[in-house]
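Q: Structure, please.
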Amino acid sequence: MGEKGIDTWITFTREGNPDPVAADLGLGGVVWRSAGIFEADGQSIAIVGNLDAEGVRQKGIYDDVIGYGKEGASKSLYEYVRRRKPKTIAVNSSYDFGLADGLSSGMRHYLRASLREFARNFVTAEDLVITLRSKLIPKELDLMRKSVQMCEKILRIAEEDFIRIGRTDREIRDMIQDQVRKMGLGFSWEEDFCPVVVVGDNEFGHRGFANRTLRRNELLHFDFGVNYQGYCSDIQRVYFVGGRPPDSVRRLFEATKKATDAGVEALKPGVKGYVVDRACRQSVMSSGYPEYLHGTGHVVGRATHEIGPMLSPRWRERYGRTMEKKLIAGMIFTVEPSVKGEDGVCNIERELLLTSKGAEAFSTPEDELYVLAG
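A: Below is the predicted model of the structure:
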């Protein structure tokens, strides 16, 4: 907070439309209007309905918990802020980041009315939410590693047992989903298209299958992740199923690997997201393939598309200013440039932990095209 010049951070939430980070701040189960307030000097206080007070207190997050009765939250909110006289008050309102945009219009109106003259000091809390959610502590990193390991384990099972010439993309998807359930895991994103299974030159996108049968000498492309104890993995793999890959497929894969490696090399603390995207995008086009029409990567953590710097081009109407954020050590990023050729779309999405020295492999890189007999 001190680095960003923020004196006070208020997360204001209630039952029915909870703020996305309310649970992170011990306010996940509150009923009445509730404020979690953090100060730059380290102090913290919660202002909640009287029947919520003890439950919030037991979580041990706040130095003090104030419960209000029939008078509502407004009086306590104003009295607290009046004593502190903050010059800047961060609230969870953001143009570009959904997880930092939890302050609804009605709650913002209530908060502004309650804080009166101090409401003019509101600023966005998006940088605070990014750090809270995306800069992972060691225990979270352990859970992320396990999520990646379980995802890769299922992919190995698919290679051995599920990928067969003559099976449809839907049959392969269903087999992978059954394995996820057998292992007691969740899906990293909507079950309908987790995994995405693309056969041959079918269009890649956010759909699970196209009811196409896998034939000999075709590409098979997975976009897949599992949720392990609340933490998500996100990996893409490409296989050539059948005999020896033709030169067109080998060139496609090598261009993808070259572009992905360029992104990994550019991934450094303090770099802005668009710089990493540019390295990958230029590599793809310099290899003679068309520009891909999506961002190059994103933060992954408790959500597959976690809040944080986007590795994307400066397409403001699509990505806002998310690519202007600087990369922070302790975040996990995907790097996933797509290369489209005559044989299909190739993408070997990797997960990487950003350290003070640069990118550290978090998932197993696909350094060579996986070739399966099928």
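
Q: Show me where the chain dips below the pLDDT cut-off.
A: Within the chain, no stretch has pLDDT under 70.

Q: Would you mind giving the domain segments of it?
A: Domain segmentation of the chain under automatic domain parsing yields 8-133, 135-372.

Q: Export these as JSON lines, with columns for mean neighbour count and distance to residue 1.
A: To be clear about C-beta, it is placed using only N, CA and C from the backbone, and glycine gets the same treatment. Converted to JSON lines, those look like this (neighbours: other CB atoms under 10 Å; distance: least, CB to CB, whole Å):
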{"stretch": "domain 8-133", "mean neighbour count": "18", "distance to residue 1": "4"}
{"stretch": "domain 135-372", "mean neighbour count": "19", "distance to residue 1": "14"}
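
Q: among these, which is nearest residue 2?
A: Of all the domains of the chain, it is domain 8-133 that lies closest to residue 2, at 5.1 Å by CB to CB.

Q: measure the closest one end to end?
A: With CA to CA, to the nearest Å as the measure, domain 8-133 spans 18 Å from end to end.

Q: Equivalent analysis for stretch 28-36, please.
A: The first-to-last residue distance of stretch 28-36 comes to 11 Å (CA to CA).

Q: residues in contact with residue 358?
A: Residue 358 makes contact with 267, 268, according to CB atoms under 8 Å, 6 or more residues apart in numbering.

Q: same deal with residue 122?
A: So residue 122 contacts 89, 90, 91, 93, 112 (CB under 8 Å, 6+ apart).

Q: These in helices, which ones?
A: Members of those lying in helices (criterion: DSSP state H): residue 112.

Q: And the contacts of residue 122, which is closest to residue 357?
A: residue 90 (30.9 Å).

Q: So which of the contacts of residue 122 is the closest to residue 174?
A: residue 93 (41.7 Å).

Q: isn't the closest one right up against residue 104?
A: No: in this structure residue 93 lies outside contact range of residue 104 using CB atoms under 8 Å: 9.4 Å.

Q: so what's in contact with these two at the same time?
A: Counting by CB under 8 Å, 6+ apart, nothing touches both residue 93 and residue 104.

Q: hmm, back to that, mind giving me CSV with the domains of the chain and columns for distance to residue 2?
A: Output for the domains of the chain, formatted as CSV (distance: least, CB to CB, whole Å):
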stretch, distance to residue 2
domain 8-133, 5
domain 135-372, 16
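
Q: Put the alpha carbons of the helix or strand where residue 154 lies into CSV.
A: Following DSSP states H and E, the helix or strand that holds residue 154 is helix 138-157. C-alpha atoms of helix 138-157 as CSV (Å, rounded to 0.1, in the frame of the first residue of the first chain):
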residue,chain,number,x,y,z
PRO,A,138,5.3,-21.1,-0.6
LYS,A,139,2.3,-23.1,0.6
GLU,A,140,0.3,-21.9,-2.5
LEU,A,141,3.2,-22.7,-4.8
ASP,A,142,3.2,-26.3,-3.4
LEU,A,143,-0.5,-26.6,-4.2
MET,A,144,0.1,-25.2,-7.7
ARG,A,145,2.9,-27.7,-8.3
LYS,A,146,0.5,-30.5,-7.2
SER,A,147,-2.2,-29.2,-9.6
VAL,A,148,0.3,-29.2,-12.5
GLN,A,149,1.5,-32.7,-11.6
MET,A,150,-2.0,-34.1,-11.5
CYS,A,151,-2.8,-32.5,-14.8
GLU,A,152,0.3,-34.0,-16.4
LYS,A,153,-0.4,-37.4,-14.9
ILE,A,154,-3.8,-37.5,-16.6
LEU,A,155,-2.3,-36.4,-19.9
ARG,A,156,0.1,-39.4,-19.6
ILE,A,157,-2.8,-41.7,-19.0
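
Q: Does anything pack onto that helix? Which helices or strands?
A: Contact here means 3 or more CB pairs under 8 Å, 6 or more residues apart in numbering; DSSP states H and E; on that basis helix 138-157 packs against helix 169-182, strand 218-224, strand 226-228, strand 231-232, strand 235-241.

Q: how about a cut-off of 7 Å?
A: Helix 138-157 is packed against helix 169-182, strand 218-224, strand 226-228, strand 231-232, with contacts defined by 3 or more CB pairs under 7 Å, 6 or more residues apart in numbering; DSSP states H and E.

Q: Could you export these as CSV, including distance to residue 130?
A: CSV is the format used below for the helices and strands packed on helix 138-157 (distance: least, CB to CB, whole Å):
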stretch, distance to residue 130
helix 169-182, 29
strand 218-224, 24
strand 226-228, 21
strand 231-232, 17
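
Q: what's the closest of the ones you listed to residue 120?
A: strand 231-232 (38.8 Å).

Q: List the strands paired with the closest one, with their directions.
A: strand 226-228 (antiparallel) (DSSP bridges).

Q: contacting residues around the partner strand?
A: 143, 146, 147, 150, 151, 154, 180, 185, 186, 187, 188, 233 (CB atoms under 7 Å, 6 or more residues apart in numbering).

Q: wait, which of those residues is closest to residue 20?
A: For the contacts of strand 226-228, the nearest to residue 20 is residue 188 (17.2 Å; CB to CB).
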